[in-house]
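**Q** Need the 3D shape of this:
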Amino acid sequence: MRFQTELVPARLIRRYKRFLADCTLEDGREVVAHCANPGSMMGLALEGSKIWLEPNDDPKKKLKYGWRLVDHENGHFTGVDTALPNRAVRAALEARQIDLLAAYDQVRAEVKYAETSRIDFLLSADGQPDAYVEVKSVTLSRQPGLAEFPDSVTARGAKHLGALAQMAQAGHRAVLLYLVQRTDCTHVVMARDIDPAYADAHDAATAAGVETLCLGTTITPQEIRIAAPLALGRPAR
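**A** Predicted coordinates:
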């Protein structure tokens, strides 16, 4: 998925109030950018980090820049916009580019299920059980090559796992899709030390039949694309 507007490089001054970031452009101007990420962004909001912003000229928007990428300046990037994964996954599902879900030709978003929840995507096709797909954006990495989820306590995430387990037990496919918005990771694990309740909920959901699918991304200042699957679990030593 290509960015709608050409990104511009900047340096991060600080992130604050979760959704705001002060930044310095290459010409020395200081601007305020919208940070579309409610998480902790552990390790990604360091003062002086090189980042990439997306300008906009929408008169309805108060902020004229959106923070899209962290540039690790070693050839790797992390996408920080948590709205992008669902758009990228939807495009891939509709193009039937995700092998494990390519049998489905109907894709619906934000469908109510499990009484009080909404599933990111409900997939259907003749002769196939419905597939309930929940998408999570993964950006945390505290060890080289290892992506972790979540980066903060998420009671909402645990609730989603419980709802998926209900769907699996009812005979549907239930899929937790972790989209790793980092180009420097090969494996994905649960951050049990950050949120043990979520990790336990993931274990319980797996036992109930929920599938876990981890997908990598290729990221440049021009686009983010879904890439090959990543391994679930720590690499063998």
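
**Q** only C-alpha atoms for contact and neighbour calcs from this point on.
**A** Will do.

**Q** By residue count, what's the longest helix in this protein?
**A** Counting residues, the longest helix found in the chain (DSSP state H) is helix 155-169.

**Q** just the angle between the helix or strand just after that one and helix 155-169, please?
**A** Downstream of helix 155-169, the first helix or strand assigned by DSSP states H and E is strand 173-180. If you take axes from the mean of the first three to the mean of the last three CA atoms, to 10 degrees, strand 173-180 sits at 140 degrees to helix 155-169.

**Q** on that earlier part again, show me what counts as buried in the longest helix of the chain.
**A** Neighbour counts over helix 155-169 (16 or more other CA atoms under 10 Å) mark Gly157, Ala158, His160, Leu161, Gly162, Ala163, Leu164, Ala165, Gln166, Met167, Ala168 as buried.

**Q** I'd like the distance between the closest residue to the first one other than its chain neighbours and Val189.
**A** This points to Gly157. Once flanking residues are discounted, Gly157 sits nearest to Tyr198: 7.0 Å by CA to CA, 6 or more residues apart in numbering. Tyr198 is 12 Å from Val189, where distance means CA to CA, to the nearest Å.

**Q** more neighbours, the two?
**A** For the pair Tyr198 and Val189, the greater number of neighbours falls to Tyr198 (23 against 18), based on other CA atoms under 10 Å.

**Q** Phi first, then psi, for that one.
**A** phi -70, psi -40 (degrees, to the nearest 10).

**Q** which ones are touching it?
**A** Residues near Tyr198 by CA atoms under 8 Å, 6 or more residues apart in numbering: Val153, Thr154, Ala155, Gly157, Ala158, Arg192.

**Q** rerun at 10 Å
**A** 149-150, 153-159, 161, 190-192, 204 (CA atoms under 10 Å, 6 or more residues apart in numbering).

**Q** Tell me the pLDDT of the most centrally placed residue in the chain.
**A** Per CA atoms, centre = their mean, the C-alpha nearest to the average position across the chain is that of Ser137, at 1.6 Å. You'll see Ser137 listed with a pLDDT of 96.

**Q** Note down every partner strand of the helix or strand it falls within and its orientation.
**A** Using DSSP H and E, Ser137 maps to strand 131-138. If you go by DSSP bridges, strand 131-138 pairs up with strand 117-124 (antiparallel), strand 173-180 (parallel).

**Q** Tell me who's in contact with the residue lying closest to Leu232 once chain neighbours are set aside.
**A** Spatially, and ignoring its direct neighbours in sequence, Leu232 is nearest to Val188 (4.9 Å; CA to CA, 6+ apart). Contacts of Val188 were listed using CA under 10 Å, 6+ apart, and they are 138, 140-141, 145-149, 178-180, 213-216, 230-235.
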